[in-house]
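**Q** no sequence for this one, just the structure:
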C-alpha cells in the first residue's frame, strides 16, 4: 500500500506544518466543553453564549492560525 500525501495529490501546494491528529481532537474536545459552560463561567472568561457556540461549531480542520506557523 503506497502512502499518499497532500503534496503528491496537490503538487502545486507546498507542505505546511500542521497540527497532529491528537492536537486536533483535543481542540474539538475543548470546543465542545466550551459550548457546555454555563453563563456565569462564560462571563468569567469574557465570552457571550453566541460566541462560545460559534467557536464550538467551527469544523475540526479550522484550527487557530498560529498552528500553521508552529515550528516542529
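**A** Sure thing, it's come through. Bear in mind the structure is a predicted one, so any value in this text is a computation, not a measurement.

**Q** Angles on the backbone of residue 26, please.
**A** In terms of degrees, to the nearest 10, the main-chain angles of residue 26 are phi -60, psi -40.

**Q** how close does residue 62 get to residue 38?
**A** Distance from residue 62 to residue 38, counting by Cβ to Cβ, to the nearest Å: 25 Å. Heads up, the C-betas are built off the backbone N, CA and C, glycines and all.

**Q** So the two - more neighbours on which side?
**A** residue 62 (12 against 9; other Cβ atoms under 10 Å).

**Q** and that one, what does it touch?
**A** Contact analysis of residue 62 by Cβ atoms under 8 Å, 6 or more residues apart in numbering lists nothing.

**Q** repeat for residue 34
**A** Residue 34 is in contact with 47, 52, 55, 56, counting by Cβ under 8 Å, 6+ apart.

**Q** Mind doing that once more with 10 Å?
**A** By Cβ atoms under 10 Å, 6 or more residues apart in numbering, the contact list for residue 34 reads 41, 42, 45, 47, 51, 52, 53, 55, 56.

**Q** Test my guess that the third one contacts residue 38.
**A** No - under the criterion of Cβ atoms under 10 Å, residue 45 makes no contact with residue 38, lying 11.5 Å away.

**Q** Quick check on residue 31: phi, psi?
**A** When quoted as degrees, to the nearest 10, the phi and psi of residue 31 stand at phi -70, psi -40.

**Q** tell me the pLDDT at the nearest residue to it once chain neighbours are set aside?
**A** Nearest residue to residue 31, sequence neighbours excluded (Cβ to Cβ, 6 or more residues apart in numbering): residue 56, at 4.5 Å. pLDDT, residue 56: 94.

**Q** Ok, the one 5 residues further on next?
**A** According to the prediction, residue 61 has pLDDT 79.
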